[in-house]
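1. Below are the sequence and a predicted model; questions follow.
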Amino acid sequence: MPAIFEHTVLVTDGVIDDLNHANNAAYVGWMQEAAMAHSTANGWPAERYHQENAGWVVKSHSIDYLAPAFLGNQIAIRTWVSKIRKVVSWRRYDFVRMDDSQTLVRAETKWAYVDFKTLKPRQVPAVFLEDFVIVNEENSKRNPG
């Protein structure tokens, strides 16, 4: 069960904007992709959430763009759960260009755990808490940027 999970993406033509770098919207999609990959690695694939009839929906994103990514760049997305409360959790992300270790983006998502039928908040199950390590800021080993 990885506390800090690393997911890699390749910057492709489809995300390049008029300034010839990865469009800011691509990072939101990559955040979702990395979060699901981490969840799956910890035993919580999409199918398990459907069995529970509950799962995570985004409440908010906070994204700091520090440097651009370009076509062909391979990016390591490091992600971890930084806090969980009764019905919400916070997930952090660092995007690092692999060829030069440059931190490109730092981000955070606040997630709400909801019942899939009612879409109302639901308490995070105890078994979920057993499957994820909470990584506080001091232990996240974020890259300087």
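-> Cool, got the structure. Numbers count the residues shown, from 1 in each chain.

2. Next one: Ser39 relative to Gln32, how far apart?
-> Note on Ser39: its distance to Gln32, by CB to CB, to the nearest Å, is 11 Å. Bear in mind the C-beta positions are built from the backbone N, C-alpha and C, glycine included.

3. Those two - which one has more neighbours?
-> Shown here are Ser39 and Gln32; by other CB atoms under 10 Å, Ser39 has more neighbours (23 against 13).

4. Go ahead and confirm the more buried one touches Pro45.
-> Yes: assessed by CB atoms under 8 Å, Ser39 is found in contact with Pro45 at 7.1 Å.

5. what ranges do the strands span in the protein?
-> 5-10, 54-65, 74-84, 88-97, 103-115 (DSSP state E).

6. Below-threshold pLDDT in the protein: ranges please.
-> Applying pLDDT under 70 to the chain flags the ranges 1, 138-145.

7. what about 80?
-> Across the chain, residues meeting the criterion (pLDDT under 80) sit at 1-2, 137-145.

8. So in it, which helix runs the longest?
-> Identified as the longest helix of the chain according to DSSP state H is helix 24-41.

9. farthest residue from the center of this protein?
-> Distance from the centre of the chain peaks at Asp18, with 25.9 Å (CA atoms, centre = their mean).

10. gap between that residue and Ala25?
-> Asp18 sits 13 Å away from Ala25, taking CB to CB as the criterion.

11. Between the strands of the chain, which one is closest to Asn136.
-> Minimum separation from Asn136 across the strands of the chain (CB to CB) falls at strand 74-84, 6.5 Å.

12. just how off-centre is that closest one within its chain?
-> Its chain's average C-alpha position is 5 Å from that of strand 74-84, according to CA atoms, centre = their mean, to the nearest Å.

13. Buried residues in that strand, which are they?
-> 75-82, 84 (16 or more other CB atoms under 10 Å).

14. What of stretch 7-16?
-> Residues of stretch 7-16 classed as buried: 7, 9, 11, 15-16 (neighbour count, 16+ other CB under 10 Å).

15. What is the end-to-end distance of that stretch?
-> Using CA to CA, to the nearest Å, the end-to-end distance of stretch 7-16 comes out at 20 Å.
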